[in-house]
Every structure is written in structure tokens, then in C-alpha cells.
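J.: Pasting the sequence and the predicted model now:
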Amino acid sequence: MKIVPHVNLVTIIEIGAILVGAFSGFVEARRKRMDIVGVIIVAFITAFGGGTMRDILLDKRPLFWVQHQEYTILLFVVALLAAPFFKQIRHIVSERLIVVADAVGLGLFAVASVAQAQAAGMPLFIAVMMGVVTGIFGGVLRDIVCNEVPMVFRDGKPYAICAFFGCWVYIGLQYAGASEDFSLWTSAALITLMRLVSWKFDLKLTHPR
Amino acid sequence: MKIVPHVNLVTIIEIGAILVGAFSGFVEARRKRMDIVGVIIVAFITAFGGGTMRDILLDKRPLFWVQHQEYTILLFVVALLAAPFFKQIRHIVSERLIVVADAVGLGLFAVASVAQAQAAGMPLFIAVMMGVVTGIFGGVLRDIVCNEVPMVFRDGKPYAICAFFGCWVYIGLQYAGASEDFSLWTSAALITLMRLVSWKFDLKLTHPR
Amino acid sequence: MKIVPHVNLVTIIEIGAILVGAFSGFVEARRKRMDIVGVIIVAFITAFGGGTMRDILLDKRPLFWVQHQEYTILLFVVALLAAPFFKQIRHIVSERLIVVADAVGLGLFAVASVAQAQAAGMPLFIAVMMGVVTGIFGGVLRDIVCNEVPMVFRDGKPYAICAFFGCWVYIGLQYAGASEDFSLWTSAALITLMRLVSWKFDLKLTHPR
């Protein structure tokens, strides 16, 4: 099933999003003083964990990172090469770059997952949940392995919520008769925008009392 | 496969058990100072985690909460509506009510899972393990996500053990020629009763020395 | 699919490796002051967790411990019998014995998993990752359930790396035209040897800076 058109652009975005996920795993694993095996595996879990969870829930095989073996190998090689230069890389890569790439990845992966879940016959609400799960569970698994309460559950910043709303917009556009392409790109862009705006203005959810 | 008769009563019990599971996730997530996204997702994990684990181990699709999309939506709506009134609800809902509803759910879900595992061709001992897993893994996953050693593994109170014995009683009744209905309700009731009695008298397992 | 010949020897090694995994789960669970239910379940998770993860990723059913129900029952009975004598057993079983049995199990399980992953059509790099996952994820899941950062990610001792190299040697031997038997035993023995040598001389990976 071809979900996304314009393969080259999407491939670049996907790889960017995977590397950003991996980087955040790398950073967290280093903070926990893990060794080289730990940082590489936590990078993998963060980059591929959400998609793997989605594929298992949908009973879809081959898994995302098996089908795209090249991403798995790329990530492994990059992690190996990057490990000795970790400190320098961390200084070069600004927080702004990370947040932007992560927001782009969140939008793309969440919406693509909704499309996949619908193609697999999931009902609407479930399909949206699958989109959100794919978007956030890489980070959730990273934090669990690193023995932390997952950041996305406690920092009060809109993240899962952006994915949740954007996924519904995707479904709404589809029902309104918009083309697959238009629905996908519009809703993915909306998620990215919502995330960036809420980050820029440091919006917070009020905690339940 | 129709496992349980008298749909209305069972539906009420199932929904009750799911809401109780969700509530315990809600409480634990709040204690960890999670935001609204965290409490809702932890509520979901607690309510549906055990059944999801069982379905994945059995390779059964659609998953429990996909097949019963209405439960998923109900839980989501209830969680959203309940979040602002969390403190008040916590005062209204007594510990006794929670324990009773949880014990009823433990019995029903454990025995229903054994039946499903047998229908899927699992050997006896494995089927019983599936019943126990379904009964306890919601709480186990809740505690892992909340960064705690799982309560059910350390409080020394009979819980998994009640499910374990009751599941064997179910199988014994089946082998003795009892009807499906009678076996199911008797063994589920037995689990609930064992759990309530051991709670009432604060029974404890001796720790291994 | 018959992966390993000489059933009797392999059966003994497998059971040994499972008991060693279970024992390490038992020890860790006791250290966390878990009750009898906790120590038994953590023993199961440690012994069967890696293989279960592999089977789920490969979508292979029945699961390893369902197919070998006898191992599951054996482990349960041994754990029940051993629980009251835990302290005595811990004194009898030397660290050396544990390390040797664990190293043998690591080699055998990692290489057998690569063979299974290849038989399931996985590409090379993925198959090797499956081998490593099977070898280490029992311990990773044990540490997650026990609320610790996984030991294999932070102690800096070669473990996953031994499995990783040995799995490539297995694949290399296969490509070089060696028989299945020879490839399997040689590479499994190599993993065991690498692990034992690095343990004996207390080798450490340098942490990424």
C-alpha cells in the first residue's frame, strides 16, 4: 500500500524523524550513564518503538523497521559513528532543530498510522488512537527503559493532543471528500504547526485537580 | 465464540470492571502528578493492558478493545468528564466499592480468558497462565509506566493466586462434565469470593525466606 | 523446523539456560522484596521474555514456552519447590556456575534465533538483531519490572556484543558453505567463549564520551 506520494521528500522526512527519535534516546541513555550497547539499543527503541507497537497491535508484518531494513542499518551506522563525538554533536544540534524535526515527524507518522489503521479495517476512534500511539510511544518506551515516568505523560505540554486533533482533521477531510494527498499533508502540517506554536508560546495543559 | 451468556448482566460487569481498572490507573497517575494526557493513557493501559497482552500472546485479532470499540470510547468520555472532578469522585467512591468491583472483574476476566485460550488450542497449564496474566497485567503495566515495582508482585496479598486456583476449578468442572455456564459462573464467583475473603481478613502470603 | 540436532544434549542445555535465567529473575525479585507471586512471575519473564519478544516480532505461534509446555511447568514446579530454600540454594550455586550456564545459554539461544529469523524470511541484519534481542531481553524485561535501568545497558561488560559478533560468524559460515550443524555449534561456542573470556579478564567497553 502506497500511503504517501513524492517518495523522495517523504523519505527525507522519515529519516529525519527517525534520526531525531534516535538522538533523543541517545541523549537520555547517556544521561543515565549507559554504555555503548545501551545507548544504541535505547536509540533504536525510541526511533522504532512507536511504529513497532502500532504494527503489533494491527498484527502487521513485516514490521516497519524490517520492511525498511535500510533505516535500521543507517541508524546503527550513524549511532556507532556518532558515539565518540557525542558531546560535540550535542553542542552543534540546537534544541530548536530537534523540536522542529520532532514536530514534523510527529505529524507525518501519526497521520500515516491513521491511514494504515483504516486500511487494516480499524474503526475510526481506534484508528486515531493508533495514530497517537505511533506518535508518542517511542518516547514512552525510552523513558520506561531509562527508568523514568514518561515525559509525555507529565510535562503538561501539548504533544499527544496535537496528534489527536490532527488525526481527526485527517479523517474529517477524508469524509468531506478531499483527496488522500491533500488530507494527509494538510493534517500532518497542522499537527506540526500546533506542536510548534504550543512550544513557541510554552503553552501548558492545566493539570486535572 | 460466545463465552458468556446473559449478555446484559455480563456487559454491566465488564464495563464495571473496566471502569474500576481505569480508575486505579487514574489514581496512580495522579499520584505521580501526571497531566491529563498521562492520566487518560494510564487509565487505558490499566483497563485494557491485561486483555491486550492475552490477545497478543494468543495472536487474536481484533483486540478486545477494538472489537468493543464502545468500551474504548466510553472510557475516553468518562475519563475526560471525570478529570475536573477527580477529588470529589475519589471521596465518593469508597475503597470497599473499588475492591468489590475489582474482585468481580478479576474473576470474570480470568475465567473468560482461560476459556478463550482453550478455544485457541492452548494446553491446560498455559491456558491457566493466560487467565492469570489477563487478570493481573493491567495493574502490572500501570505500575511499570508509573515507575513503581508492581504492587501485585510485592504486597503479599492473594490476588494472582485467587485467579490461579479459580482457573483450575473452571477446568476441573469442565472435565467433570459440568455445563459451560455452570463452570464459568461458579469458578468466577469462587475467585471473587477468595479475593474478598482474603481482603476482609487481611491474609498475607509468607514471603519466601 | 528442526534447528538443532542431538536433541538430548540441546534439551539439557536449553533447560539449563532457562533455569539460569529464572534464577537471576528470582534473585533480583527477592532483592526487591517481592512476594512468592512476584518472584515466580519475574523468574518466568526473565527465562522466557527474550524468546517471547522474538516470537512476537516474527509473528511466530505457538510461542516458545507454549510449544515447550513442559519447560513452563518444570520452571513453575522448580520455583515453587525452591522458594522456601532460597537462601541455601543461593549459597550452593556459585557465581561461576551461573556465569558459565548463562554464557552457554546466550550462545545457543542467540544463534538458534538467527536461524529462526532467517527461516522466517528476515533479511540478514534484522536476523542478527533478533538473535541479540533473544539473548538479552529476558534480562532487560526483568530489570524493567524490577524498576531498574537494565544492567546489560549500563555495566559496560561485553554481553550483547558477544551475541552480535557470534551471530555474524554464524551467517558468515553459512555463506561460506559450512553445514548447518557446524555453523550453529561453532558460532554458539564462540559466543560462549567470548563471554567467558571477557568475564574472566573483566573487560569493559569504554563508555561513549
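T.: Thanks, I have the structure now.

J.: Let's see the pLDDT reported for whichever residue of chain A sits closest to chain B.
T.: Closest approach between chain A and chain B, counting by CB to the nearest CB: residue A:153, at 2.9 Å. Bear in mind the C-beta positions are built from the backbone N, C-alpha and C, glycine included. pLDDT, residue A:153: 94.

J.: ok, residue A:149 touching residue B:146?
T.: Yes - using CB atoms under 8 Å, residue A:149 is in contact with residue B:146, at 6.4 Å.

J.: which residues are common contacts for the two?
T.: Residues touching both residue A:149 and residue B:146 (CB atoms under 8 Å, 6 or more residues apart in numbering or on different chains) are residue B:32.

J.: what sits against the residue of chain A closest to chain B?
T.: A:140, B:29, B:34, B:35, B:37, B:38, B:41, B:42, B:145 are the contacts of residue A:153 under CB under 8 Å, 6+ apart.

J.: Spell out the secondary structure type for residue A:121.
T.: Using DSSP: H, G, I helix; E, B strand; the rest coil, the structure places residue A:121 in coil.

J.: how about the residues of chain A near chain C?
T.: Neighbours of chain C within chain A, by CB under 8 Å from any CB of the partner chain: A:29-30, A:32-39, A:41-42, A:52, A:56, A:59, A:61-63, A:65-66, A:69, A:72-73, A:76, A:83-84, A:86-87, A:144-147.

J.: pLDDT weak spots in chain A?
T.: A:1-8, A:206-209 (pLDDT under 70).

J.: Can you tell me which helices and strands the one helix or strand residue A:116 maps to packs against?
T.: Assigned by DSSP states H and E, residue A:116 belongs to helix A:95-119. Applying 3 or more CB pairs under 8 Å, 6 or more residues apart in numbering or on different chains; DSSP states H and E, one finds that helix A:95-119 contacts helix A:7-31, helix A:36-58, helix A:124-145, helix A:160-175, helix A:180-200.

J.: who's in contact with the shortest one?
T.: Helix A:160-175 is contacted from outside by A:106-107, A:110-111, A:114-115, A:118, A:124, A:127-128, A:131-132, A:135-136, A:152, A:180, A:182-184, A:186-188, A:190-191, A:194-195, A:198, A:205, B:37, B:41, using CB under 8 Å, 6+ apart.

J.: Kindly recompute the last result at 7 Å.
T.: A:106-107, A:110-111, A:114, A:124, A:128, A:131-132, A:135-136, A:152, A:182-184, A:186-187, A:190-191, A:194-195, A:198, B:37 (CB atoms under 7 Å, 6 or more residues apart in numbering or on different chains).

J.: Could you check the angle it makes with helix A:124-145?
T.: With axes from the mean of the first three to the mean of the last three CA atoms, to 10 degrees as the basis, helix A:160-175 and helix A:124-145 are set at 150 degrees to each other.

J.: For helix A:160-175, output the C-alpha coordinates as PDB.
T.: The C-alpha coordinates for helix A:160-175 follow below in PDB (Å, rounded to 0.1, in the frame of the first residue of the first chain):
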ATOM      1  CA  ALA A 160      -0.300  13.700  22.100                       C
ATOM      2  CA  ILE A 161      -3.100  16.200  22.000                       C
ATOM      3  CA  CYS A 162      -1.800  17.800  18.800                       C
ATOM      4  CA  ALA A 163      -1.600  14.300  17.200                       C
ATOM      5  CA  PHE A 164      -5.100  13.500  18.400                       C
ATOM      6  CA  PHE A 165      -6.700  16.600  16.900                       C
ATOM      7  CA  GLY A 166      -4.700  16.400  13.700                       C
ATOM      8  CA  CYS A 167      -5.700  12.800  13.200                       C
ATOM      9  CA  TRP A 168      -9.400  13.700  13.500                       C
ATOM     10  CA  VAL A 169      -8.800  16.500  10.900                       C
ATOM     11  CA  TYR A 170      -7.400  13.900   8.600                       C
ATOM     12  CA  ILE A 171     -10.500  11.800   9.000                       C
ATOM     13  CA  GLY A 172     -12.800  14.800   8.600                       C
ATOM     14  CA  LEU A 173     -11.100  15.800   5.400                       C
ATOM     15  CA  GLN A 174     -11.400  12.300   4.000                       C
ATOM     16  CA  TYR A 175     -15.100  12.200   4.800                       C
END
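
J.: gap between residue A:57 and chain C?
T.: Counting by CB to the nearest CB, to the nearest Å, the gap from residue A:57 to chain C is 11 Å.

J.: now the contacts of helix A:160-175: which count as buried?
T.: By neighbour count, with 16 or more other CB atoms under 10 Å in any protein chain shown, the contacts of helix A:160-175 hold A:106-107, A:110-111, A:114, A:124, A:128, A:131-132, A:135-136, A:152, A:183-184, A:186-187, A:190-191, A:194-195, A:198, B:37 as buried.

J.: How about the residues of chain A by chain B?
T.: A:56-57, A:59, A:122-123, A:125-126, A:144, A:147-150, A:152-154, A:156, A:160-161, A:205, A:207-209 (CB under 7 Å from any CB of the partner chain).

J.: What's the PyMOL line that selects buried ones from those residues?
T.: To isolate the buried members of the residues of chain A next to chain B in PyMOL, using 16+ other CB under 10 Å:
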select buried, chain A and resi 56+57+122+123+125+126+144+149+150+152+153+154+156+160+161+205+207+208
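
J.: Please report how far the residue nearest to residue A:33 when sequence neighbours are not counted lies from residue C:145.
T.: Take residue A:33 and drop its neighbours on the chain: the residue closest to it by CB to CB, 6 or more residues apart in numbering or on different chains is residue C:154, 6.4 Å away. Taking CB to CB, to the nearest Å as the measure, residue C:154 falls 17 Å from residue C:145.

J.: so how many other residues sit close to residue A:179?
T.: Residue A:179: 10 surrounding residues under other CB atoms under 10 Å in any protein chain shown.

J.: Quickly note the distance from the residue in chain A that chain C sits nearest to to residue B:28.
T.: Per CB to the nearest CB, residue A:38 is where chain A lies closest to chain C, at 2.8 Å. Distance, residue A:38 to residue B:28, using CB to CB: 28 Å.

J.: Who has more neighbours out of these two?
T.: residue A:38 (30 against 21).

J.: what residues are up against that one?
T.: A:29, C:153, C:154.

J.: mind putting those residues in a markdown table, distance to residue A:14 included?
T.: A markdown table is the format used below for the contacts of residue A:38 (distance: CB to CB, whole Å):
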| residue | distance to residue A:14 |
| --- | --- |
| A:29 | 22 |
| C:153 | 26 |
| C:154 | 30 |
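
J.: hang on, isn't residue A:47 packed against residue A:21?
T.: Yes - between residue A:47 and residue A:21 there is a contact at 4.0 Å, judged by CB atoms under 7 Å.

J.: Need the residues touching each of those two.
T.: Counting by CB under 7 Å, 6+ apart, the residues touching both residue A:47 and residue A:21 are residue A:138.

J.: Just say helix, strand or coil for residue A:155.
T.: Assigned with three-state DSSP, residue A:155 falls in the coil class.
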